[in-house]
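> Sharing a sequence plus its predicted fold:
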Amino acid sequence: MEISLRNKNILLTGASRGIGRAAAEALAASGARVAVHYNSNKEAAEALVKRIGNNSKAFGADLGTGEGPLQLWEAVREGFGTIDVLINNAGVAISSPIDKNDEEWLHDWGHTMMVNLNATAILCKKAVEHFKSRGGGRIINISSRAAFRGDTAEYMAYASSKGGMVSLTRSIARAFGKEGIVAFNIAPGFTRTDMAQDFIDQYGEGYALNDIALNRLTRPEDIAPTLVFLAAGMADHATGATIDLNAGSYVH
């Protein structure tokens, strides 16, 4: 079965690398026009846009500020006119040991919540408003297995922010389904990305491999097809659900 996203405009945050880059490539290959969001890596984002085509476009925004998500949404609306699918993929994972001084620890916590949860919430709010006026739309939030099983002590903020994303997504699904709005969580486990490399450097690759059921770590390309499937409306009756893509390291 061919999955077509032709004539679909998709806003994808954190798209210049890792899971986001693989997702942008897969979405565009299915015909979507992708709004490729980046924070600081403009060169990589513009190179990706050139590669995937379909009149896709790069949009820069700092999601670590209250204004950044709003500026991003308005820029994409102005550039694309309409948005059919929102994929919140951008995130940070900051190692913040419990014995760090209170001021620094709280800063790490606040920044993690701003990027991972608050920015997601703001973009979801704008998407719901937009989708209600258009008869529906789809939201896909990239959470984490950490939302369900927790994480190491250094990454408590990360796990907590991802847990919030799960509840946010479920609430949207329950509240706005009658208006044609569906929402899903994707919960990856260890995925071979630049962000995960910091954890690997800290704990060792063996730690990650011993924690999964399969023979290799998940790659971004293992996650992208599920995003295409959901964005195309192939599983709308799973609205509110979480899809685990963690190589069997957490099953719930």
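It's in. Here the structure is a predicted model, which means the values were calculated and not measured. Numbers count the residues shown, from 1 in each chain.
> so after the lengthiest helix in the chain, what's the next helix or strand?
Ranked by number of residues, the top helix in the chain under DSSP state H is helix 156-176. Counting by DSSP states H and E, the next helix or strand C-terminal to helix 156-176 is strand 181-188.
> So which residue is smack in the middle of this protein?
In the chain, the C-alpha nearest the mean C-alpha coordinate belongs to N89, at 1.6 Å (CA atoms, centre = their mean).
> Check the separation of the first and last residues in stretch 109-128.
27 Å (CA to CA, to the nearest Å).
> Now do the buried residues in it.
Using 16 or more other CB atoms under 10 Å as the burial criterion, the residues of stretch 109-128 that qualify are 109, 112-124, 126-128. (C-beta placed from N, C-alpha, C; glycine too.)
> same question, stretch 4-15
Residues of stretch 4-15 classed as buried by neighbour count (16+ other CB under 10 Å): L5, K8, N9, I10, L11, L12, T13, G14, A15.
> ok, these vs K42, which is closest?
For these, the closest approach to K42 (CB to CB) belongs to A15, at 12.0 Å.
> correct me, but that closest one touches E25?
No: A15 lies out of contact with E25 (CB atoms under 8 Å); the separation is 9.6 Å.
> Which residues are in contact with each of the two?
Both A15 and E25 are in contact with L48, where contact means CB atoms under 8 Å, 6 or more residues apart in numbering.
> quick one, the lowest-mean-pLDDT helix or strand in the chain and strand 181-188 angle?
Ranked by mean pLDDT, DSSP states H and E, the helix or strand of the chain with the weakest confidence is helix 194-203, at a mean of 74. Note on geometry: by axes from the mean of the first three to the mean of the last three CA atoms, to 10 degrees, helix 194-203 and strand 181-188 are set 30 degrees apart in direction.
> where do the helices sit along the stretch 51-200 of the chain?
Along the stretch 51-200 of the chain, the stretches classed as helices by DSSP state H, counting those that start in this stretch are 67-80, 102-113, 119-134, 146-149, 156-176, 194-203.
> Name the residues of the longest one that come out as buried.
Of the residues in helix 156-176, those scored as buried under the neighbour-count criterion (16+ other CB under 10 Å) are 156-166, 168-170, 172-173, 176.
> same deal with the last one?
Of the residues in helix 194-203, those buried under the neighbour-count criterion (16+ other CB under 10 Å) are A196, F199, I200.
> contacts for that helix?
Taking CB under 8 Å, 6+ apart as the criterion, the residues outside helix 194-203 that touch it are R17, G18, G91, V92, A93, S95, T152, E154, Y155, F190, Y207, A208.
> Can I get the buried ones among these as something I can paste into PyMOL?
Typed into PyMOL, the line below selects the buried ones among the contacts of helix 194-203, using 16+ other CB under 10 Å:
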select buried, resi 17+18+91+92+93+95+154+155+190+208
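> Closest to N55 out of the contacts of helix 194-203?
Ranked by distance to N55 (CB to CB), those are led by R17 at 21.8 Å.
> how about the closest one, what does it touch?
For R17, the contact set (CB under 8 Å, 6+ apart) comprises N41, A44, T193, D194.
> Quick check, pLDDT for it.
What the model reports for R17 is a pLDDT of 95.
> I appreciate the help and will end here.
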